[in-house]
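Undergrad: with the input below, show me the fold.
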Amino acid sequence: MRAMVLTGIRAMEMREVPDPAIEAPTDVKIKMGSVGVCGSDVHYYTTGRIGSQVVDYPFAVGHECAGVITEVGPGVTRVKVGDRVAIEPAMPCWECDQCKADRTHTCRKLRFLGCPGQAEGSLSEFIVMPETSCFPLKDETTLEAGVLSEPLAIGVYACKLAGELKGKRIGILGSGPIGLSVLMPALAAGVDKVYMTDKIDARLELASKAGADWTGNVDKLDAVKAIEEAEPLLLDYVFECCGQQEAVDQAVLMVKPGGKLVMIGIPEVDRISFQIDLMRRKEICFQNVRRQNECTGLTLDQIEDGTLPAETMVTHHFPFEKTKDAFDLVAGYQDGVMKAMIDFD
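TA: Sure thing, here's the model as predicted:
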């Protein structure tokens with residue numbers, strides 16, 4: 001089969017590799033139909049690492065995906081050949097203390113699709129996954145919507161961790177795919193007002209169309225001052241979705257005393273800092289978000305009933321052969337890109 005693999009910093013090429021084989025009784029083989037380009041994939045493309053996770057070349061990234069099941073192991077009961085499925089990229093052991101505490105996303109033996117040292121990614125014609133990672137799609141649900149359940153599930157989980165959102169006023173710093181993935185479930189949960197920032201006007205326009213009440217380009221205005229003027233009591237929750245130190249600093253200023261800063265963005269640096277005096281005096285709660293923790297099924301339900309308009313975030317499509325062009329586009333924030341999709345058929 002063909003796989004698109006990273007071969008160095010900003011280097012990628014198509015190679016012929018062996019087909020993956022079913023090994024466990026509950027494994028399934030999936031023919032890829034569509035893959036989304038995620039910011040974490042781009043981190044591996046541009047820097048070769050995320051923290052301690054370092055690419056050993058050649059390596060295929062990709063974890064936002066959906067496809068059609070072509071083969072199943074003898075113990076599979078959840079899905080069947082021919083099913084169109086969305087993929088939950090996490091593969092927990094289901095046996096460790098974390099899994100038993102309903103924290104499969106921090107499983108001690110977790111394997112994650114497209115994560116260096118764990119599992120080759122979905123930028124290949126076929127992948128093999130455990131059946132527990134496969135979620136059948138309704139006939140009317142597109143593979144593209146199935147792909148988007150992965151980033152949206154992160155937003156759904158982040159909103160769940162934040163707490164009660166109904167009637168609250170929130171900030172979302174970073175209006176890329178993860179920012180929109182927080183916006184959609186937050187609106188569905190009944191937030192009163194949403195303030196969103198970014199450095200790219202095209203993304204802010206999409207955020208406004210998606211339901212944000214206020215948007216601001218931080219390169220063109222003092223977002224903290226603007227939000228302070230609009231909300232003298234400040235915001236209940238601020239979701240940091242871009243992994244930037246300046247956004248973290250802004251979030252601390254925007255959150256009201258007793259509020260919560262929810263960090264979803266993945267910094268490219270090893271350390272970030274906080275204005276600890278202000279954090280302490282305002283008694284701000286800081287919440288990290290690690291992926292989606294079993295929220296894929298709920299997210300698909302909300303996509304399929306129309307609560308989460310997933311496909312509105314897709315701006316670009318590329319054939320599998322042009323995957324590098326898609327990565328360059330996303331890495332350079334070119335042409336107003338929000339979410340680029342790789343199409344196999």
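
Undergrad: got the buried residues for stretch 305-315?
TA: By neighbour count, and taking 16 or more other C-beta atoms under 10 Å as the criterion, the buried residues in stretch 305-315 are 308-310, 313-315. The C-beta positions use only the backbone N, C-alpha and C, and glycine is treated the same way.

Undergrad: again with stretch 292-309
TA: Of the residues in stretch 292-309, those buried by neighbour count under the rule 16+ other C-beta under 10 Å are 292-296, 298-300, 302-304, 308-309.

Undergrad: same thing with stretch 328-342?
TA: Within stretch 328-342, the residues scored as buried using 16+ other C-beta under 10 Å are 328-331, 337-342.

Undergrad: are we agreed that residue 15 is in a strand?
TA: Yes - with DSSP: H, G, I helix; E, B strand; the rest coil as the criterion, residue 15 is located in a strand.

Undergrad: tell me the domain boundaries of the chain?
TA: Domain assignment for the chain by automatic domain parsing gives 2-136+309-343, 152-288.

Undergrad: which one among the buried residues of stretch 292-309 gets closest to residue 266?
TA: Taking C-beta to C-beta as the measure, residue 266 sits nearest to residue 292 out of the buried residues of stretch 292-309, at 14.0 Å.

Undergrad: tell me the contacts of the spatially closest residue to the closest one that is not a sequence neighbour?
TA: In space, not counting the residues next to it along the chain, residue 292 is nearest to residue 153; the distance is 3.7 Å by C-beta to C-beta, 6 or more residues apart in numbering. Taking C-beta atoms under 8 Å, 6 or more residues apart in numbering as the contact definition, residue 153 lies against 88, 292, 295-296, 298-299.

Undergrad: same thing with residue 38?
TA: Under the criterion of C-beta under 8 Å, 6+ apart, the neighbours of residue 38 are 62-64, 150-151, 177.

Undergrad: likewise for residue 112?
TA: Contact analysis of residue 112 by C-beta under 8 Å, 6+ apart lists 63, 89-91, 118-119, 291.

Undergrad: thinking again about what came up before, pull the most distant pair out of the contacts of residue 153.
TA: Using C-beta to C-beta, the pair of these lying farthest apart is 88 and 298, separated by 11.6 Å.

Undergrad: show me where the stretch 51-200 of the chain has its helices.
TA: In the stretch 51-200 of the chain, the segments counted as helices under DSSP state H, counting those that start in this stretch are 97-100, 143-162, 177-188.

Undergrad: now distance to residue 70 and mean pLDDT too, for those helices, in a markdown table please.
TA: Rendered in a markdown table, the data for the helices of the stretch 51-200 of the chain read as follows (distance: least, C-beta to C-beta, whole Å; pLDDT from 0 to 100):
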| stretch | distance to residue 70 | mean pLDDT |
| --- | --- | --- |
| helix 97-100 | 28 | 97 |
| helix 143-162 | 14 | 97 |
| helix 177-188 | 29 | 97 |
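
Undergrad: now distance to residue 3 too, for those, in TSV please.
TA: As requested, the helices of the stretch 51-200 of the chain are exported to TSV (distance: least, C-beta to C-beta, whole Å):
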stretch	distance to residue 3
helix 97-100	30
helix 143-162	18
helix 177-188	24
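
Undergrad: helix or strand: which one has residue 229?
TA: Of the helices and strands defined by DSSP states H and E, residue 229 is found in helix 223-230.

Undergrad: which residues are in contact with that helix?
TA: Residues outside helix 223-230 that contact it (C-beta under 8 Å, 6+ apart) are 171, 195, 197, 214, 216, 234-235, 250, 253-254.

Undergrad: so which of those residues is the most crowded?
TA: Within these, residue 197 tops the neighbour count with 32 neighbours, counted by other C-beta atoms under 10 Å.

Undergrad: gap between that one and residue 1?
TA: Distance of residue 197 to residue 1, computed by C-beta to C-beta, to the nearest Å: 42 Å.

Undergrad: kindly report the same for residue 22.
TA: Relative to residue 1, and taking C-beta to C-beta, residue 22 is found at 14 Å.

Undergrad: for stretch 53-60, list every residue counted as buried.
TA: Applying a neighbour-count criterion of 16+ other C-beta under 10 Å, one finds 55, 58-60 buried in stretch 53-60.

Undergrad: save those as TSV, and put in pLDDT and distance to residue 230 too.
TA: TSV is the format used below for these (pLDDT from 0 to 100; distance: C-beta to C-beta, whole Å):
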residue	pLDDT	distance to residue 230
55	95	43
58	97	50
59	97	46
60	97	45
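
Undergrad: closest to residue 280 among the residues you listed?
TA: Proximity of those to residue 280 was ranked by C-beta to C-beta; the top entry is residue 55 with 38.3 Å.

Undergrad: quick check: phi and psi on the closest one?
TA: Backbone dihedrals for residue 55, given as degrees, to the nearest 10, come out at phi -70, psi 130.

Undergrad: list the contacts of it.
TA: Counted by C-beta under 8 Å, 6+ apart, residue 55 has contacts 6, 44, 48-49, 116.

Undergrad: which of these fall within strands?
TA: 6, 49 (DSSP state E).

Undergrad: buried ones from the contacts of residue 55, can you make that a PyMOL selection?
TA: A single PyMOL command is used to select the members of the contacts of residue 55 judged buried by 16+ other C-beta under 10 Å:
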select buried, resi 6+44+48+116
